[in-house]
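Trainee: Pasting the sequence and the predicted model now:
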Protein chains: 2
Amino acid sequence: MNIIQPSILPGFMELLPQEQVLFDQVKETIERTYRRYGYWPLDTPAIEKNEILFAKGGGETTKQIFRIEKGENASEQSLRFDLTVPLARYVAQHQSELSFPFRRYHIAKVYRGERNQRGRYREFYQADIDVIGLDHLSIINDAEVPAAIYDIFSEIGIPGVRVHINHRGLMNGFYTSIGVEDVQSVLHAVDKLGKVGADVLKEMLEDEGLDAEQIERIFAFIGVTDARGAEERLQAIAEAMPEDAPGADLFRQGYSDLMTIKKAMHGFGMPEEAVVVDLAITRGLDYYTGVVYETFIDGYESLGSVASGGRYDNLASNFSKQHMPGVGISIGLTRLFFQLREANLIAPEQQGYIDAIVIAMSDEEVPQTVALTRHLRDAGIVAQAYTEAGKLKKKFSYADAVKAQYTLIIGESERQEQTVSVKNMATGVQETLPWDDAIDAIRRGKEENA
Amino acid sequence: MNIIQPSILPGFMELLPQEQVLFDQVKETIERTYRRYGYWPLDTPAIEKNEILFAKGGGETTKQIFRIEKGENASEQSLRFDLTVPLARYVAQHQSELSFPFRRYHIAKVYRGERNQRGRYREFYQADIDVIGLDHLSIINDAEVPAAIYDIFSEIGIPGVRVHINHRGLMNGFYTSIGVEDVQSVLHAVDKLGKVGADVLKEMLEDEGLDAEQIERIFAFIGVTDARGAEERLQAIAEAMPEDAPGADLFRQGYSDLMTIKKAMHGFGMPEEAVVVDLAITRGLDYYTGVVYETFIDGYESLGSVASGGRYDNLASNFSKQHMPGVGISIGLTRLFFQLREANLIAPEQQGYIDAIVIAMSDEEVPQTVALTRHLRDAGIVAQAYTEAGKLKKKFSYADAVKAQYTLIIGESERQEQTVSVKNMATGVQETLPWDDAIDAIRRGKEENA
């Protein structure tokens, strides 16, 4: 028969079993935390109508879309490129059946035909939480969303996570107050600071038509030339700003909101050092209207932001006349996993996906091997029976390969005496025990490791 | 702004939050069981190259495929239509990095452009387990796979699950022994018995060119005209069959294997009544070569088989010269969920996705509401803070809507006394407690419910 070379498409992640277990552990930590925060699960179709996906107009996204060819019905359809558009469609469609604020998490694959490069994926998991209000939404929600992110990284065991916060209203107010006309455009330039450095940013701002004094004030604001902390800088700006300056009200409201949010972030359990007011982050996406977040790992800033989001004024404006403000944050899980592995911040456990493998020395011991495996499982122990024919060496090397915590062997004498030889693979200690004692020993070992 | 009517494509399932929680509970029961059996997780790309997906030739499946339009690279690509082809590709591609028998579970969405009808979905979850050997694979694996399915339904709380088993070798041997030449074709006819009834099947077999005696023997074999149990019938056939009859060896080996598998199914924990030898099931797919399974729920046979599979001789023949026999079973989870809900065999819990909702009576109580919510979460309690402005009535009706187990209220007096009013929503009992006592009470309540 003609053999087809087995391969997958470029830009798709596929893991070997041990790595997959690790990936799933990270994914489940995220899910468990989102649930503990009381966000509801959501699972929408991976395929949406194009009229839904392109409701906003699209732009760059349109070029990256994976379109579906399916003649049967007239609707044009594509794979989703994020989980936010499906959420907007969902809340608009099911508005009368939901309770608001509607809080949901969604961990699922999305698709973007990005340029193929290492660490960038065309199919990747996003892990999002969002809270959507009807007409109003308390800014306390804006504090809770990053607190969940902080908890997740703590549970994964990654220290030094810092959520950087800024506020669009505060920024709009400040830039307006110093005479900037096209604030959006200047924010796009400032967003590049980390990549291009202060000198290039200065040129970019000059190209935007700003004068030397305006640029000086911006550099002081974002912290390039003013070494004080952001909160001190903000306070000084607030005190110096005339009450009737253009943008002053916007600035003051944004400033006050940002401080309320910061305080509540601590209230939700984030330590002092984990919350960083950072007036240089702006978030590229234009629909954020209040707080914005980016998340960095101390010492691994080069990874970029590992969780980003913010407050938006009206989620579903394309699908409903109802005004729905919201706030959310997103982890790009597939890329994050790649980065954490590359930086060696996480690694698969040496042992333990399988608690116990039970080996039959010969066909004679198969019935007992099956029965013991069943009893182990009934006791909540992850157990596998090995009943293949073959030499002893092959059996033991398989037991090594699956990295079980315990290898259990039933040979002729164990079969006759209704016992089992139990080898603790971490310590190398081996003993022969009656079944019940073996089950107890493994269960105790499992509890100690948990 | 122009409003686009929010909707999804026909044939896709999307659930409201309470139903989604129930769906996830079923999905997690499946996953937890598969893991307890020691199957490893696998997550392959939803998009595969067409040369992989169509390696077998395709047939009916080709017409149902969701093709991707993505110009950038030359490879034609489509959404997978099952999890078996990706598994075959995976084991062939990663053969040198895997340990065999390779045991994996995979719970993920697949895509088929089926005719649109109630209860049939174009995007649906499959939940599969498979064990793949190199050259050989012990038939004890064939007993374990359905045992996992039985455990899953027990855990979901659905009684009366029966796994029907048959064996392709046994069937081939029997039909050959009575002079059938095109066994495959006759099996396809017999497969229709449940749908068309005995009279139509008789006509179909006549059309296949079988004579009255052959049809009589088939009807006795599959149990239409012989009221004895299948095992008694098999024994009688085995005793009557001349040793040198064509197909006799095949029949005898299949019969012996089927009995070994049945015995080991009981060894893995399935009770006597849960295993039914059923000589009328054949499985439509032609690649099964040994045991085949279908799973029925007592009293709900009209739902059809809720988990099906069997033994195949060579999984990855299109992708590798290595001979890889395997055995597996698949649950069509999306359809199963639809069916179990329709039959009212499962239902969402009245309360309890959220353990506790903490309500701030006014803005004054927000900081304490936030802090208490955090302490509840630290204690492993699923908690939500409700900090929206508005009338009391609105707050309480929200608490009702999210169906928390406990509603906690912090008003002025609770704030001043560092207490909280705790209402058990199931019993209606309300008491005012210090925070620690409230947390203890809720944790105890949660443990009792678990």
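Mentor: Ah, there it is. Numbers count the residues shown, from 1 in each chain, chains lettered A, B, ... in the order given.

Trainee: per-residue pLDDT, the closest residue to residue A:280 other than its chain neighbours?
Mentor: By the measure of CB to CB, 6 or more residues apart in numbering or on different chains, the closest residue to residue A:280 outside its immediate chain neighbours is residue A:222, 4.1 Å from it. Glycine gets a C-beta too; all of them are placed from N, C-alpha and C. Looking at residue A:222, its pLDDT reads 95.

Trainee: low pLDDT regions in the stretch 301-450 of chain A?
Mentor: Counting by pLDDT under 70, the stretch 301-450 of chain A contains no low-confidence segment.

Trainee: Spell out which parts of it neighbour chain B.
Mentor: Neighbours of chain B within the stretch 301-450 of chain A, by CB under 8 Å from any CB of the partner chain: A:316-321, A:353-354, A:357, A:366-367, A:370-371, A:373-374, A:377-378, A:380-385, A:387-389, A:398, A:401-402.

Trainee: Which of these fall within helices?
Mentor: Residues of those located in helices (DSSP state H): A:366, A:367, A:370, A:371, A:373, A:374, A:377, A:378, A:398, A:401.

Trainee: Can you tell me who the residue in the stretch 351-450 of chain A positioned nearest to chain B pairs with across the strands?
Mentor: Per CB to the nearest CB, residue A:384 is where the stretch 351-450 of chain A lies closest to chain B, at 3.5 Å. Beta-bridge pairing for residue A:384 (DSSP bridges): residue A:357.

Trainee: from what I can see it touches residue B:101, true?
Mentor: No - applying CB atoms under 8 Å, one finds residue A:384 not in contact with residue B:101, separated by 9.4 Å.

Trainee: follow-up on the earlier one: in contact with the residue nearest to residue A:280, which residues?
Mentor: A:190, A:193, A:279, A:280 (CB atoms under 8 Å, 6 or more residues apart in numbering or on different chains).

Trainee: SS state for the last one?
Mentor: Counting by DSSP: H, G, I helix; E, B strand; the rest coil, the backbone at residue A:280 sits in coil.

Trainee: Pretty sure it sits against residue A:193.
Mentor: Yes - assessed by CB under 8 Å, residue A:280 is found in contact with residue A:193 at 5.4 Å.

Trainee: Mind listing the shared neighbours of these two?
Mentor: Shared contacts of residue A:280 and residue A:193, counting by CB under 8 Å, 6+ apart, come down to A:222, A:224.

Trainee: for residue A:430, what are its contacts?
Mentor: A:421, A:422, A:423, A:424.

Trainee: Distance of the spatially most central residue of chain A relative to chain B?
Mentor: Centroid-nearest residue in chain A, with CA atoms, centre = their mean: residue A:331, separated by 2.6 Å. Shown here: residue A:331 relative to chain B, a distance of 17 Å by CB to the nearest CB, to the nearest Å.

Trainee: One more: residue A:31?
Mentor: Residue A:31 is 9 Å from chain B, by CB to the nearest CB.

Trainee: give me every residue that touches that residue.
Mentor: A:105, A:107, A:127.

Trainee: cool, residue A:133 as well?
Mentor: A:100, A:101, A:141, A:324, A:325, A:326, B:388.

Trainee: go again using 7 Å as the cut-off
Mentor: A:100, A:101, A:324, A:325, A:326 (CB atoms under 7 Å, 6 or more residues apart in numbering or on different chains).

Trainee: give me the residue from the stretch 151-300 of chain A nearest chain B.
Mentor: residue A:267 (3.9 Å).

Trainee: For that residue, give me the pLDDT.
Mentor: For residue A:267, pLDDT reads 98.

Trainee: neighbours around the closest residue to it other than its chain neighbours, how many?
Mentor: Nearest residue to residue A:267 in three dimensions, chain neighbours excluded: residue B:370, at 3.9 Å (CB to CB, 6+ apart). Residue B:370 has 24 neighbours, counted by other CB atoms under 10 Å in any protein chain shown.

Trainee: swap in residue A:162?
Mentor: 19.

Trainee: before we move on, the earlier item: which residues does the residue nearest to the centre of chain A bridge with?
Mentor: Here residue A:331, judged by DSSP bridges, has bridge partners residue A:127.

Trainee: these two touch, right, it and residue A:127?
Mentor: Yes - between residue A:331 and residue A:127 there is a contact at 4.3 Å, judged by CB atoms under 7 Å.

Trainee: So for those two, which residues contact both of them?
Mentor: With CB under 7 Å, 6+ apart as the test, residue A:331 and residue A:127 both reach residue A:30.

Trainee: The nearest residue to residue A:245 once chain neighbours are set aside and residue B:212, how far apart?
Mentor: Spatial nearest neighbour of residue A:245, excluding adjacent residues (CB to CB, 6+ apart): residue A:177 at 4.6 Å. Applying CB to CB, to the nearest Å, the value for residue A:177 to residue B:212 is 99 Å.

Trainee: Who has more neighbours out of these two?
Mentor: residue A:177 (19 against 10).

Trainee: Tell me who's in contact with the more buried one.
Mentor: So residue A:177 contacts A:241, A:245, A:246, A:247, A:248, A:251 (CB under 7 Å, 6+ apart).

Trainee: Was I right to think the last one contacts residue A:173?
Mentor: Yes - contact status for residue A:251 versus residue A:173: in contact at 2.7 Å, counting by CB under 7 Å.

Trainee: between the contacts of residue A:222, which has the most around it?
Mentor: That'd be residue A:279 among those, by other CB under 10 Å, with 25 neighbours.

Trainee: how about that residue, phi and psi?
Mentor: The phi and psi values for residue A:279, taken as degrees, to the nearest 10, are phi -80, psi 0.

Trainee: Which pLDDT does the model give it?
Mentor: 96.

Trainee: how far away is it from residue A:220?
Mentor: In terms of CB to CB, residue A:279 sits 10 Å off from residue A:220.

Trainee: repeat for residue A:119
Mentor: Distance from residue A:119 to residue A:220, by CB to CB: 35 Å.
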